[in-house]
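Trainee: Predicted structure and sequence below. I'll ask about it afterward.
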Amino acid sequence: MPLAWADRVWALPFLTVLCPSERFYEQRGRRHQTLTERAWQMIRLVGRWLPGRDLVFVADSSFAALELLDKVATLPRASVITRLRLDAALYDPPPPRKPKTMGRPRLKGKRRPTLEAVLAAVHLDGGFDASRTVTRRIFAEELTHIVAQQEQPGAGDYKTQFQEWCQKRHDTLPRYATVRETGPDHQKSFEVELSIQGEVVGVGSGRSKKEAEQQAAKQALQQLGV
């Protein structure tokens with residue numbers, strides 16, 4: 001929310017949610033709600049409170065669960081930013097359930113290697129140059145942002161710059177909309193439109209929605225002479 005005495009947008013806490021332990025639920029004879037289940041409930045609640053706002057939830061690695069992130073992806077104007085875990089447990093989809101199979105259906109398939117294991121295998125097979133190439137390809141966007149921040153704090157984060165300008169000039173927030181997705185799942189390309197009060201002021205593309213949004217904000221800043 002904007003504050004009259006501040007030069008930038010501040011985020012203030014407005015909702016606190018308790019997540020009791022599994023023992024707490026056992027003592028009361030109730031089903032335990034996990035941290036990610038409770039988080040999904042609150043994300044939907046905030047979405048109902050603010051239906052016209054783009055919602056970005058920043059969380060630590062405790063929320064880096066594919067089930068939660070997959071659910072949030074179904075919401076039109078919500079996203080989650082969480083720390084990447086090199087040791088994250090990844091699984092294939094569950095295999096098709098055969099007719100007349102007894103017991104509960106499987107929730108996941110075969111265990112897949114972690115990103116940490118993949119990078120280690122690349123290093124052992126191809127050496128340092130190969131692992132460096134793969135690592136740079138995976139983390140290209142993050143590395144570019146880190147270098148820009150080191151050279152000039154605040155540089156490279158065009159979305160933040162544009163949002164602050166919008167708050168000062170129009171007292172509103174910009175809106176990003178994905179208008180096109182192309183390419184196979186492993187090599188997607190996204191096109192994003194940036195608008196202010198319904199008027200498109202920038203268009204960007206990239207290998208991720210985040211990169212496309214940054215490019216759209218950069219174009220808008222250049223066109224508006226900010």
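Mentor: Sure thing, it's come through.
Trainee: make it CA atoms for all contacts and neighbour counts henceforth
Mentor: Fine.
Trainee: what comes up buried for the longest helix anywhere in the chain?
Mentor: The longest helix of the chain (DSSP state H) is helix 115-138. Within helix 115-138, the residues that count as buried by 16 or more other Cα atoms under 10 Å are 115, 119, 122-123, 131.
Trainee: CSV please, covering those residues and showing pLDDT and distance to residue 73.
Mentor: Formatted as CSV, the buried residues of helix 115-138 follow (pLDDT from 0 to 100; distance: Cα to Cα, whole Å):
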residue, pLDDT, distance to residue 73
115, 80, 22
119, 86, 27
122, 90, 31
123, 90, 33
131, 86, 30
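Trainee: Return the helix or strand in this structure with minimum mean pLDDT.
Mentor: Least confident element among the helices and strands of the chain, by mean pLDDT, DSSP states H and E: helix 140-151 (a mean of 65).
Trainee: who does whichever helix or strand comes after that helix touch, helix- and strand-wise?
Mentor: Scanning forward in sequence from helix 140-151 by DSSP states H and E, the next helix or strand is helix 158-170. Where contact means 3 or more Cα pairs under 8 Å, 6 or more residues apart in numbering; DSSP states H and E, helix 158-170 is packed against helix 209-224.
Trainee: Give me the domain ranges for this protein.
Mentor: Split into domains by automatic domain parsing, the chain comes to 1-83, 87-138, 156-226.
Trainee: Which one, of these, ends up nearest to residue 144?
Mentor: domain 156-226 (8.1 Å; Cα to Cα).
Trainee: Average pLDDT for the closest one, rounded please.
Mentor: The average pLDDT within domain 156-226 is 85.
Trainee: Stretch 104-113 now?
Mentor: The predicted model gives stretch 104-113 an average pLDDT of 83.
Trainee: Stretch 61-69 now?
Mentor: The average pLDDT within stretch 61-69 is 81.
Trainee: So residue 57, which state does it fall into?
Mentor: Each residue gets one of three states, and residue 57 gets strand by DSSP: H, G, I helix; E, B strand; the rest coil.
Trainee: Looks like it contacts residue 80 (just checking).
Mentor: Yes. Between residue 57 and residue 80 a contact is recorded at 4.7 Å, counting by Cα atoms under 8 Å.
Trainee: Among the domains of the chain, pick out the one with the most neighbours on average.
Mentor: domain 156-226 (a mean of 17; mean count of other Cα atoms under 10 Å).
Trainee: how far does that one sit from the chain's center?
Mentor: Chain-centre distance of domain 156-226: 15 Å, with Cα atoms, centre = their mean, to the nearest Å.
Trainee: any idea how far residue 33 is from residue 20?
Mentor: 8 Å (Cα to Cα, to the nearest Å).
Trainee: same question but for residue 102, I mixed them up
Mentor: Distance from residue 102 to residue 33, by Cα to Cα: 26 Å.
Trainee: Same question for residue 23.
Mentor: 11 Å.
Trainee: repeat for residue 221
Mentor: Residue 221 is 45 Å from residue 33, by Cα to Cα.
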